[in-house]
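Peer 1: below are the sequence and a predicted model; questions follow.
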Amino acid sequence: MLEEICDSFTKESKLRRGDLPYAAMKKKHITEIRDELRSTPGAQDNLVKYVSAMFGWAVENELAEVNPALRIKKVNKSSTGFHTWTVAEVQQYIARHPPGTKPYLFLNLALFTGLRLQELAIVGRQHARDGWLTIRPGKTKDSSGVTVQIPIVTVLQKCLDEQSAAQMTYMVTEYGKPFTKNGLGNKMRDWCDEAKLFHCSTHGLRKAGATIAAENGATDDELMAIFGWTTKKQTTLYTKQANRKKLAGGAMHKLTLE
């Protein structure tokens, strides 16, 4: 994406953007690039996000004094991100991919560990000991260094016990080789489509797990421990919604004409 920006040209002067001084880049330049190179709200927001990440690195390494991409308002204000699976959708998936199948194993791994696709592609026997999974997410490896430690629930343990002892990684291809992150993501897309869940995704299972845990009373700190989050920015999205649901349920009897 950054290379694409560098190879693009300014509207008025028709200068190649990659030849211009990055220190002179301002907010208006970024929004101009955003609107020119991307047409959908989500893609436009992503472009700003990645430019901001680059400038954040530059500021940290004293190559730039300011990050011009900060505080640019999102275009896709109404987006709630990936669709969160419902229990009915999980059941629909299982009806198409029953216990004993590879898609069923993946469903349980994703739903009951909260791991991201990157970790789901590598998690294996080396991460399991005494009924616990211990793994350091790649997303936090170079930042917070958080290590996720979670107990293996019974239904997931049953799935793992059914895997070949000679198989180190749980998710393997038909040739017995570990999946790549993209390969596993593409395979899950096929499995969802086969179950006619065209709007569902791997990340949506992670959100479903967080929603279920919050509605069952998990606190912000507990969600942080399960999902490897380092701040409560993400967890409060789930706990607040769960609390609102409980409050509504407990107060509904007060909505009466008597």
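Peer 2: Good, I have the coordinates. All values reported here derive from a predicted model rather than from experimental measurement.

Peer 1: distance from the helix or strand where residue 249 lies to the middle of the chain?
Peer 2: Secondary structure assignment for residue 249, by DSSP states H and E: helix 232-251. Centre-to-centre, helix 232-251 and its host chain are 20 Å apart (C-alpha atoms, centre = their mean, to the nearest Å).

Peer 1: now the residue positioned nearest the centre of the chain: closest residue in space, sequence neighbours ignored.
Peer 2: Nearest to the mean C-alpha position of the chain, counting by C-alpha atoms, centre = their mean, stands residue 203 at 4.8 Å. If you skip the residues right next to it in sequence, residue 203 has residue 82 as its closest partner in space, 4.4 Å away by C-beta to C-beta, 6 or more residues apart in numbering. Quick note: C-beta positions are derived from backbone N, CA and C, even for glycine.

Peer 1: same question, residue 56
Peer 2: For residue 56, the closest residue by C-beta to C-beta, 6+ apart turns out to be residue 67, at 5.5 Å.

Peer 1: isn't the one you found right up against residue 57?
Peer 2: No. With contacts counted by C-beta atoms under 8 Å, residue 67 stays clear of residue 57, the gap being 9.4 Å.

Peer 1: between those two, point out the one with more neighbours.
Peer 2: In terms of neighbours (other C-beta atoms under 10 Å), residue 67 is the more surrounded of residue 67 and residue 57; the figures are 19 against 12.

Peer 1: can you give me the helices in the protein?
Peer 2: Across the chain, reading from the start of the chain, the helices by DSSP state H fall at 2-6, 27-37, 41-60, 87-96, 102-113, 117-120, 138-141, 154-161, 181-194, 202-215, 220-227, 232-251.

Peer 1: check contacts around residue 133.
Peer 2: Residue 133 makes contact with 113, 123, 127, 148, 149, 150, 151, 152 under the criterion C-beta atoms under 8 Å, 6 or more residues apart in numbering.

Peer 1: now the buried members of those residues.
Peer 2: Burial by neighbour count, judged by 16 or more other C-beta atoms under 10 Å, picks out 113, 123, 127, 148, 150, 152 from the contacts of residue 133.

Peer 1: of all the residues you listed, which two lie farthest apart?
Peer 2: Comparing every pair within those by C-beta to C-beta identifies 148 and 152 as the most remote, at 12.3 Å.

Peer 1: go through stretch 228-235 and flag the buried ones.
Peer 2: 228, 229, 234, 235.

Peer 1: just these now: which is nearest residue 10?
Peer 2: Taking C-beta to C-beta as the measure, residue 10 lies nearest residue 234 of the buried residues of stretch 228-235, at 37.4 Å.

Peer 1: before we move on, back to that, format the buried residues of stretch 228-235 as TSV; extra columns: pLDDT.
Peer 2: Formatted as TSV, the entries for these read as follows, by pLDDT from 0 to 100:
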residue	pLDDT
228	78
229	78
234	76
235	84
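
Peer 1: turn those into TSV, columns for distance to residue 53.
Peer 2: Listed next are the buried residues of stretch 228-235 as TSV, based on distance: C-beta to C-beta, whole Å:
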residue	distance to residue 53
228	19
229	19
234	18
235	23
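
Peer 1: pick out whichever of those sits closest to residue 89.
Peer 2: For the buried residues of stretch 228-235, with residue 89 as the reference and C-beta to C-beta as the criterion, the closest is residue 234, at 21.8 Å.

Peer 1: follow-up on the earlier one: out of the helices of the chain, which is closest to residue 131?
Peer 2: Go through the helices of the chain one by one with C-beta to C-beta and the one that ends up closest to residue 131 is helix 154-161, at 7.1 Å.

Peer 1: only C-alpha atoms, please: export the closest one in PDB.
Peer 2: Backbone C-alpha positions of helix 154-161 (Å, rounded to 0.1, in the frame of the first residue of the first chain) are rendered in PDB as follows:
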ATOM      1  CA  THR A 154     -13.600 -30.400  27.700                       C
ATOM      2  CA  VAL A 155     -15.100 -30.200  24.200                       C
ATOM      3  CA  LEU A 156     -11.900 -28.900  22.800                       C
ATOM      4  CA  GLN A 157      -9.700 -31.400  24.600                       C
ATOM      5  CA  LYS A 158     -11.800 -34.200  23.100                       C
ATOM      6  CA  CYS A 159     -11.100 -32.800  19.600                       C
ATOM      7  CA  LEU A 160      -7.400 -32.500  20.400                       C
ATOM      8  CA  ASP A 161      -7.200 -36.100  21.700                       C
END
